[in-house]
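Chemist: next one to model:
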Amino acid sequence: MEPGSRKYMLARSRQKVVLLFVFNRYRNFVFCLFLLHTGGAYAVEKNIPFWENQPEDGSEVTLAVGTALPGNIQLYNPLTLREAESLALKSDLMTKKFDLESIALKERGIAVGSLPDPKLKLGIVNIATDTLDLEQEAMTQQVIGLQQVFPPYGLLDSQREQINLMGAAKRHEAINQKQEVLRNVRQAWLNVYLQHHTGNIITKTGELFTQLVKITKSQYRSGRGNQQDVVRAQLERSLLKDRVIKIKALKESALAELGKWVGAAQFNRPLSLDTLVIPELADRNTLVSSLEKHPSLQASVADANAAKAEINVAKSRYHPSWLVDFSVGRREADPAGDQRADLMSLIFVVDIPLFTSNRQDKWVAASEKDYSSARHSTAEQKKNLQRTLDAEYSNWLRLNERLQHYRETVLPQASQNAKAALNAYRSQATEFDTLMRARLMELDIQLQAIQLFVDRTQAQVNLLYLTGGVGHEA
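Modeler: The predicted structure is shown next:
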């Protein structure tokens, strides 16, 4: 081999050794710079929620809080929000309570609208007290008869109408209870969704700070950094670990609340928290018009109509009630053996409502006051629903604007700020503290963005409750 070739091969070998030494010494630094440069870029470029792009920590989220369930988790059958809603509706006891009360009132309405049972009359009348002989006196009779009471005119119909209206109010309360269950289970699911993705974001940021700790130590050993950078990076990593523990506590509390709605039978199933599907809202005019059909308002209207029917019940008492008595009396033969004729009686008994000022008039006055009170209650209920709708819709609009602003402006700017700090740090134009503040600021902005998203969705859930679910699937 020529001397020149030998020198060339020796130089190439020395270059490879130097490059390998530099790579091994600074590979953590290079890897961290790569993470800083690429973190969050995919979510921004694809315009998807960055928290749904976060890699999972490898564990399944189940409702069995604090319980290890190896081999029992149904990994291929995750619990979705829609299924959770269905399970909550099926297991809700208050809905069943209102349904049973409605059925009971329907049965009671049939009962109160029917005539009273007739009465059978049996007996012996006009017996001679000296001998107790049934044949001694001609007036002695063995009587059998029937009595029937006829309530005042219109009373039965009015009572039946009143009870049926009370049953209608219970049916509307059952519908309202179902909507409240939907609202509550959706809010519980949103809370779990928030804590889950918040924990993922903080956990991945903590892994990044672990790499930063290694880099600062490497920089400090090489003389290009200082000990304060190492301590600061370790402190921030410790604070992030504390935030992760806090989020775990909040997440377990949220899971316990959700588990109350779906039942213990679902505790082994993981939750489908990758995406969130809530019906979209209709336009404002449709929302306002649908407010009239809100079940709580319809229940209040039915209660008011029942109070109005009570007025008719009270007015019917001005009419007399009637009693009809029909009886047949059998007489024994006289002492001479001659057969006596049997007797028949037909008697009418009628109430005479002469003194109405202290009875019927007071019933009517009290019923009218109850009806007026029920009408005021209905009007107040409608006003409260309208005020709540206006407030929730305004809140939803502002949160939607803020969320859009975050997605279009704040999040990209936070990413650019972190990238600029990274470039400045790489060129030694800024301190490590500046880079760390930029990353922490980006983390806080990401957490604020997901909080805005959940707050906006919760306002949307409240509006769906107020409007009876008027909307369409996203």
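
Chemist: residue 363 and residue 314 touch, don't they?
Modeler: Yes: under the criterion of Cβ atoms under 8 Å, residue 363 makes contact with residue 314 at 3.8 Å. No exception for glycine: its C-beta is placed from N, CA and C like everyone else's.

Chemist: so those two - more neighbours on which side?
Modeler: residue 314 (22 against 18; other Cβ atoms under 10 Å).

Chemist: now the more buried one: how far from residue 166?
Modeler: Using Cβ to Cβ, to the nearest Å, residue 314 is found at 16 Å from residue 166.

Chemist: same check on residue 178?
Modeler: In terms of Cβ to Cβ, residue 178 sits 20 Å off from residue 166.

Chemist: right, and the helix or strand after the lowest-mean-pLDDT helix or strand in the chain?
Modeler: In the chain, no helix or strand scores lower on mean pLDDT, DSSP states H and E than helix 41-46, which sits at a mean of 38. Toward the C-terminus, helix 41-46 is succeeded by helix 81-91 as the next helix or strand (DSSP states H and E).

Chemist: what's that next one packed up against?
Modeler: With contacts defined as 3 or more Cβ pairs under 8 Å, 6 or more residues apart in numbering; DSSP states H and E, helix 81-91 has these neighbours: helix 155-222, helix 227-262.

Chemist: average pLDDT for the helix or strand encompassing residue 97?
Modeler: According to DSSP H and E, residue 97 maps onto helix 93-112. Mean per-residue pLDDT for helix 93-112: 94.

Chemist: could you list the domains of this structure?
Modeler: Following automatic domain parsing, one gets these domains for the chain: 1-27, 39-115+151-318+353-472.

Chemist: what's the least confident stretch among these?
Modeler: Taking the mean pLDDT of the domains of the chain, domain 1-27 comes last: a mean of 50.

Chemist: now the phi/psi pair for residue 324, please.
Modeler: With angles defined as degrees, to the nearest 10, residue 324 sits at phi -110, psi 130.

Chemist: how close does it get to residue 157?
Modeler: Taking Cβ to Cβ, one finds residue 324 at 20 Å from residue 157.

Chemist: to residue 280, which of the helices and strands packed on helix 81-91 lies closest?
Modeler: With Cβ to Cβ as the criterion, residue 280 lies closest to helix 155-222 of the helices and strands packed on helix 81-91, at 13.7 Å.

Chemist: helices and strands around the closest one, which ones?
Modeler: Other helices and strands packing on helix 155-222, by 3+ Cβ pairs under 8 Å, 6+ apart, are helix 3-38, helix 81-91, helix 93-112, helix 227-262, helix 295-316, helix 432-466.

Chemist: of those, which is nearest residue 187?
Modeler: helix 432-466 (5.9 Å).

Chemist: buried residues, stretch 152-170. List them.
Modeler: 152, 155-156, 158-170 (16 or more other Cβ atoms under 10 Å).

Chemist: now swap in stretch 409-424 and tell me
Modeler: 410, 411, 414, 415, 417, 418, 419, 421, 422.

Chemist: just grab the bridge partners of the nearest residue to residue 344 once chain neighbours are set aside for me.
Modeler: Excluding the flanking residues, the one nearest residue 344 by Cβ to Cβ, 6 or more residues apart in numbering is residue 328, at 5.3 Å. According to DSSP bridges, the residues that bridge with residue 328 are residue 144, residue 344.

Chemist: what's the neighbour count on residue 328?
Modeler: Counted with other Cβ under 10 Å, residue 328 comes out at 14.

Chemist: number the residues from 30 up from this point.
Modeler: All right, first residue 30 from here; so that's residue 357.
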